[in-house]
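In: Curious how this folds, go ahead:
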Amino acid sequence: MLIDSLVIGAGKPAKLSRVNALVGANNSGKSTILEDIVRLVVNCEPSAPDVQVEDGAVPRVLTDVEYIKSLNEDSLTRGLRKEEGLEAGSFRYQGLGPTLQTAGAITLPAETWNVLQRPKLMATAVQKSKIVDFLPLRIAYSTATMRRTLLESCPAVSPLEPAENVLQAFQYASQNKREMFAEACRQIADAPQIRLDDTQVVSLCLRLAGEFPAVSGDPVAMAREYDALDRLDDQSDGLREVASIVLGMLMSEGRLVLIDDPASHLAPDVAVKLGKWIATHAEMLGVQVIVATHHQAFLSGLLAGGDGVSLLPLARQGDHTRIQSIPPQALGPLSRSPFLSDAELVNCLFRQQVVVAPSDEDRAIYQRVAEQLHTDSSVAFVHAHGQSNVAPVAQLLKKAGLRVASIVDMDIFSSEQAFMELVMNLTGDQPLTTWLSTRDKMAKSVSEASPQAIREDAEDVEAFLEQIQAGQADELVEASRLQTKPSADVWQTIREQGLDGLSEDLRPWVEQLLDELQQKGIFVVPKGQLQGWIDFGGLQSREDWFFNAVHEMEIEECPGDLQVFVSQTIDYCLSPLASNRTHHGT
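Out: Below you'll find the predicted structure:
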């Protein structure tokens, strides 16, 4: 690894790990930050990363870059050709430049490495030392445009001369790397075998074949047989993209690898496999990777590749860019959670604001209302596969630094433990005493049978006795039914009627509790449950109600109080004042 953290303004540095993904909306600054890393680390403009700027390249978003504290000569020179210099104690280092399309070389005296002993090593300080001239050999930067020409056919090179591009470097790579390249392209892009063709001696190109010709002692025949095979130059953009990224990483041992828009030409399934390959091979190749992407499938693969991935979400407000670091410790549990699919997780990470609903029906209705109210909303809606799972799902998302609101039915108050767990997971604090007191009042009302319920029980018993006298009842079955029938199920009344099912004395207390919980991101449905928002008349199953509700949404016949409720959840998620995230601004 090379970089420890990125700095924007006076904010807290955004920590990096082995593999890092810059994500965000268009124009949020993803590509600009990659460009700024080039400017700060190698003192070059990204448009000409092989040419250093005399007066210093000026970053646009980043303020500085902090290097890792364990940097030393051995780690920095890994994978480079090293020879003794003309001056005593000096060494000459050779390798490819930042684009992997030029040769680079520099001779450094032994004392150059003393700068690495500083307790805090910042890029702006290193730019004033001789080592900044060495760092172009330690970075590999590519955009989608640059990768289109990275693997084009080129002249061969003598083993005594420095390689001037990645194909020339690959010409003398180990057999193991050649096999890794071919296998990676096969696994990721479902491609035939890809091999380097150096049979013509003076030129190099990559070729494809289901089966390559057997090695013979006749160089002319070999060259002709290879010349009849398909060239990678003539293949699809997607295959060339995969091959360029894979070979670029394989030939970048010990480097900082910056990849802009790595899945621009890839189908989703290929993007997933490429992301996974990058994440699983970065440590083995000794590279640190920073990608800028808006491709959800690629990010899904990256997260599936291991626990060493950090996410760097970006957001732009006016002239200010905000950056957040979500470390592997937070992403790992999220990616392994059984409650969120890969697509849901990636959607949450891209949007950064999430509403967690109890069931998929809840999610669908609330999300549809949100889409009608906020067509450009960046809030994701997910469901927790049941109300009992809302608290743990919300906690996982909050630990990843996301802004989270939860929607729960009013019977969340039926269990003190469930209510306390929800509050603690969403706020990190114990519920207020007044909240618990109000919940206790509700629980007490549940234990007291309402006059209506008493009348219903009496009527049931009277009807049962009449059936016995008439010889029309199965005494054991009917007695069992009456024994297990819940008396005075006030929670059922609250689920069906919400606040309207409370007594006049209790209702103001519960209304205040709901208002205070909303300020903490906990939105209790005042109608009791999802079905309470729209009354279609008569008894309906949940499935029938959902079908009718979706139809209402399609014709935009949405109740005003439901619109207000959903707007409040979105406003909470988008509010910058109570954000639980650490932001860094320019």
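
In: mean confidence score for stretch 48-63?
Out: Average pLDDT, stretch 48-63: 87.

In: quick one: contacts of it?
Out: Residues from elsewhere that reach stretch 48-63 (Cβ atoms under 8 Å, 6 or more residues apart in numbering): 6-9, 29, 32-33, 35-40, 42-45, 97-99, 101-102, 104, 127, 132-133, 136, 139, 141, 321, 586. Every residue, glycine included, has its C-beta placed from N, CA and C.

In: Buried ones only from those, please, as a PyMOL command.
Out: In PyMOL syntax, the buried subset of the contacts of stretch 48-63 is picked out as below (16 or more other Cβ atoms under 10 Å):
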select buried, resi 6+7+8+29+32+33+35+36+37+38+39+40+42+43+44+97+98+99+101+102+104+127+132+133+136+139+141+321+586
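
In: The contacts of stretch 48-63 in strands, which ones?
Out: Counted as lying in strands by DSSP state E, out of the contacts of stretch 48-63, are L6, V7, C44, E45, G104, I139, Y141, T321.

In: Nearest the middle, which residue of this structure would you pick?
Out: L349 (4.2 Å; Cα atoms, centre = their mean).

In: For the helix or strand harbouring L206, enumerate the helices and strands it packs against.
Out: Assigned by DSSP states H and E, L206 belongs to strand 203-209. Judged by 3 or more Cβ pairs under 8 Å, 6 or more residues apart in numbering; DSSP states H and E, the packing partners of strand 203-209 are strand 154-155, helix 166-171, strand 193-197, strand 230-231.

In: ok, now with 10 Å
Out: If you count contacts as 3 or more Cβ pairs under 10 Å, 6 or more residues apart in numbering; DSSP states H and E, strand 203-209 packs onto strand 154-155, helix 166-171, helix 175-189, strand 193-197, helix 219-227, strand 230-231, helix 237-250.

In: So of the ones in strands among the contacts of stretch 48-63, which two are at opposite extremes in space?
Out: Spatial extent of the ones in strands among the contacts of stretch 48-63 (Cβ to Cβ) is set by the pair G104 and T321 at 31.1 Å.

In: what residues go with each domain of the protein?
Out: 3-151+238-329, 339-448+489-574, 449-487 (automatic domain parsing).

In: Tabulate those domains (TSV), appending distance to L229.
Out: Listed next are those as TSV, based on distance: least, Cβ to Cβ, whole Å:
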stretch	distance to L229
domain 3-151+238-329	15
domain 339-448+489-574	37
domain 449-487	77
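
In: Considering those domains, which stretch scores lowest in mean pLDDT?
Out: If you rank those by mean pLDDT, domain 449-487 sits at the bottom with a mean of 57.

In: Return the residues in contact with S310.
Out: Neighbour list for S310: 14-21, 290, 325-331 [criterion: Cβ atoms under 10 Å, 6 or more residues apart in numbering].

In: Separate out the buried members of those residues.
Out: Using 16+ other Cβ under 10 Å, the buried ones in those are 14-21, 290, 325-328, 330-331.

In: mind listing which of those residues are in strands?
Out: The strands, defined by DSSP E, take in A14, K15, V19, N20, A21, I290 from the buried ones among the contacts of S310.

In: need the longest strand for the chain.
Out: As assigned by DSSP E, the longest strand anywhere in the chain is strand 309-317.

In: and it, which residues are buried?
Out: V309, S310, L311, L312, P313, L314, A315, R316.

In: Pick the one among these closest to C154.
Out: Looking across these and measuring by Cβ to Cβ, the closest to C154 is V309, at 33.8 Å.

In: That closest one contacts I290, correct?
Out: No: between V309 and I290 there is no contact, the gap being 11.1 Å when judged by Cβ atoms under 10 Å.

In: joint contacts of these two?
Out: V19, N20, A21.

In: Turn these into CSV, columns for distance to V220.
Out: CSV is the format used below for the shared contacts of V309 and I290 (distance: Cβ to Cβ, whole Å):
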residue, distance to V220
V19, 46
N20, 49
A21, 49
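
In: and of the residues you listed, the nearest to M251?
Out: Closest approach to M251 among those (Cβ to Cβ): V19, at 18.0 Å.

In: contacting residues around that closest one?
Out: If you count contacts by Cβ under 10 Å, 6+ apart, V19 has them with 257, 275, 278-283, 287-291, 302-303, 305-306, 308-311, 328.

In: of all the ones in strands among the contacts of stretch 48-63, which comes closest to G532?
Out: Nearest to G532 among the ones in strands among the contacts of stretch 48-63: T321, at 42.7 Å, using Cβ to Cβ.

In: can you pull up the bridge partners for that closest one?
Out: Beta-bridge pairing of T321 under DSSP bridges involves R316.

In: what about it, distance to G24?
Out: The span separating T321 from G24 equals 9 Å under the rule Cβ to Cβ, to the nearest Å.

In: Now list whatever residues contact both of those two.
Out: Both T321 and G24 are contacted by K30, I33, L314, A315, under the criterion Cβ under 10 Å, 6+ apart.

In: what about Q395, which SS state?
Out: helix (DSSP: H, G, I helix; E, B strand; the rest coil).

In: what's the neighbour count on the closest residue to it other than its chain neighbours?
Out: Distance criterion Cβ to Cβ, 6 or more residues apart in numbering; nearest residue to Q395, sequence neighbours excluded, is N425 at 3.9 Å. Look at N425: counted by other Cβ atoms under 10 Å, it has 21 neighbours.

In: From Q497, how far out is N425?
Out: Relative to Q497, N425 is positioned 28 Å away (Cβ to Cβ).
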